[in-house]
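Student: Build the 3D model from these lines:
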Amino acid sequence: MSEAIIADLDLWLASIATGICMAFAYDVLRLFRRLVPHGRFAVDVEDLLYWTICFFVSFVLLYYGNNGVIRFVAVFGAALGMLLYVVTVGRIFVKVGYFLINKTIGSVFRFLGKILRKLYKIISAIGRKNKEILKKVGIITKIQKIWRYLLTHCFFYNTMKKNQNIGKRDNRGGS
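Tutor: The predicted model follows:
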């Protein structure tokens, strides 16, 4: 075979592989969207990033594979690669991947979530009881008064002290 035909065949096979990789990357993105709920804006940004990356990958393929010339062979090969992936592995990848991740990692996260919710309930109940007891004794109001005094008086005292120091420096410099 001539070198031109071999180069076209290499470009065609590389474009098929690129199409398969692009379709796989989008399935990974779909799987991520299933696992982590997204708003419309986040989905739009993710799609924009995905297609931007696909554009650059295609550009690199065409630049190195065919000196930057867009050829139908490369476009058709990428489309064929995507189609092959979607028809074969792509049909079950997201479903099986979601099922496996949901059953393994998802169950761990749900278990940890239940533990954390119970701990939060216990700690908040203890905090409410302590606050009620301290209110009965009157300590809470005293602590609030002390903090109010410290925050207001100390702040104004430090501000006044700084202003006095600035005034003293100005007077010394003028004499």
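Student: lowest confidence element among the helices and strands of the chain?
Tutor: helix 139-174 (a mean of 63; mean pLDDT, DSSP states H and E).
Student: any weak-confidence spans in the protein?
Tutor: Within the chain, the segments meeting pLDDT under 70 span 1, 134-140, 150-151, 153-175.
Student: ok, which stretches of it are helices?
Tutor: 3-35, 40-66, 72-87, 90-101, 107-137, 139-174 (DSSP state H).
Student: any chance of these in CSV, plus mean neighbour count?
Tutor: Yep, even glycine has a C-beta here, placed from its N, CA and C like the rest. Below are the helices of the chain laid out as CSV (neighbours: other C-beta atoms under 10 Å):
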stretch, mean neighbour count
helix 3-35, 16
helix 40-66, 13
helix 72-87, 17
helix 90-101, 14
helix 107-137, 10
helix 139-174, 10
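Student: domain assignment for this protein?
Tutor: Annotated domains of the chain cover 3-88, 138-175 [automatic domain parsing].
Student: So for residue 117, which of these sits nearest?
Tutor: Of all these, it is domain 3-88 that lies closest to residue 117, at 19.0 Å by C-beta to C-beta.
Student: Need the distance between the two termini of the closest one.
Tutor: End-to-end span of domain 3-88 (C-alpha to C-alpha, to the nearest Å): 32 Å.
Student: do stretch 27-45 as well
Tutor: By C-alpha to C-alpha, the extent of stretch 27-45 from end to end equals 16 Å.
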